[in-house]
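> show me the folded form of this:
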Amino acid sequence: MAKVKIMIVDDDPDILELLRASLEEEYEVISASMGNEAIEKLKKEVPDLLVLDYMLPDIQGPQICQILRKDPLLVHLPVLMLTGKGEIEDKVKGLESGADDYMVKPFSPQELAARVRMLIRRSNINLDANPLTRLPGNVSISRELEEKIKGKEKFAALYIDLDNFKAVNDYYGFERGDEVIKETARIIINAIQDKGTTKDFIGHIGGDDFFIITSPEKGEEIAKKIISDFDKVSPKFFDEKDRIKGFIETKGRDNEIHKFGFITISIGIITNLYREFTHTAQISSLGAEVKGFAKKFAQSKYIFDKRTEQKY
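Numbers count the residues shown, from 1 in each chain. From the prediction side, this is the model:
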């Protein structure tokens, strides 16, 4: 079982070493001594918790928290803020910026370990995050849909699925499959940041299935952006010799050998502009149906369901 991953950020080498010594026996520890260095590392790998110094030479801890809370992939990342100051104003500023807990330096390693365990336990209870992408899972997806239904808000739901993913995963191995999933998550997040709004929701249903809630007028723009960006990188998931051929040969679901081309992406879009939903099951059932229509095409495709009949 993989260790829980913690990032520690402090510009004081002695504090950084104390943090590492206090945590590395129980956790996998990655470190940074500058704020911008930490942000760049967070874009490449998402830890389970961030231990963050309040005062850094280039960018302060509260500012980093604010940046994290605007990134859908990092919005739920638990943050333990450290500071050498004891003033109540600094504690309030740190918590208001999005930190989950606060410790004043110097601290005891025992208290640090206890705070870390508490935050990780709370995070696991509150967020059914996918361990690979750290995006919210099915419990959070259902909760978001229920809130939209109860609030009678108009929305578009995008159900996203990869085609030929299983063949690539089987042929090259799970590490290549994980690479595909993480890149897909990043493409979806970038599409929301570019074409969506700060209120949009991104979820990871599981495997190669993703989910988005956005406004009805943004759904198609986001889908087009995802497809365009995914199709640009899809050939890179093949080794060069297979990329030149344009296909791989491996067993399909029928246990027979088939040729499989580059991975494509299928998106089904449904909305309550043209019909009313009263239960999340209606939405997921219709979303699966519309996504199934999109998967019948050989290339990446989205289908926006604008039917008005009340059949699910």
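
> so Thr278 sits in a helix?
No - when DSSP: H, G, I helix; E, B strand; the rest coil is applied, Thr278 is found to be coil, with no helix at that position.

> if I look at it, how far off is Ile205?
21 Å (C-beta to C-beta, to the nearest Å). C-betas here are computed from N, CA, C, even on glycine.

> neighbour count: the two, which is higher?
Comparing Thr278 with Ile205 by other C-beta atoms under 10 Å, the one with more neighbours is Ile205, at 18 against 8.

> just to check, the more buried one is in contact with Ser140?
No - shown here, Ile205 and Ser140 do not form a contact pair, counting by C-beta atoms under 8 Å, at 10.6 Å.

> surely Phe155 is in contact with Lys218?
No - Phe155 is not in contact with Lys218 according to C-beta under 8 Å; the separation is 9.8 Å.

> tell me, what residue is most central in the protein?
Residue closest to the average C-alpha location in the chain (C-alpha atoms, centre = their mean): Leu135, at 3.2 Å.

> CA atoms only: put stretch 57-66 into PDB for me.
Output of stretch 57-66 as PDB, limited to C-alpha atoms (Å, rounded to 0.1, in the frame of the first residue of the first chain):
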ATOM      1  CA  PRO A  57      10.900  34.900   0.700                       C
ATOM      2  CA  ASP A  58       9.000  35.000  -2.600                       C
ATOM      3  CA  ILE A  59       5.300  34.500  -1.800                       C
ATOM      4  CA  GLN A  60       3.600  34.200   1.500                       C
ATOM      5  CA  GLY A  61       1.700  31.200   2.700                       C
ATOM      6  CA  PRO A  62      -1.800  32.800   2.700                       C
ATOM      7  CA  GLN A  63      -1.300  33.800  -1.000                       C
ATOM      8  CA  ILE A  64      -0.300  30.200  -1.900                       C
ATOM      9  CA  CYS A  65      -3.500  29.000  -0.200                       C
ATOM     10  CA  GLN A  66      -5.600  31.400  -2.200                       C
END
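
> ok, and for that stretch, which residues are buried?
60-62, 64-65 (16 or more other C-beta atoms under 10 Å).

> can you lay out those residues as TSV showing secondary structure, distance to Gly246 and pLDDT?
Converted to TSV, the buried residues of stretch 57-66 look like this (DSSP: H, G, I helix; E, B strand; the rest coil; distance: C-beta to C-beta, whole Å; pLDDT from 0 to 100):
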residue	secondary structure	distance to Gly246	pLDDT
Gln60	coil	50	89
Gly61	helix	49	90
Pro62	helix	50	90
Ile64	helix	44	92
Cys65	helix	46	90
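
> among these, which one lies nearest to Asn169?
Ranked by distance to Asn169 (C-beta to C-beta), these are led by Ile64 at 34.8 Å.

> neighbour count winner among Phe155 and Lys218?
It is Phe155, of Phe155 and Lys218, that has more neighbours when counted by other C-beta under 10 Å, with 26 against 19.

> show the pLDDT at the more buried one.
Here the pLDDT value assigned to Phe155 is 97.
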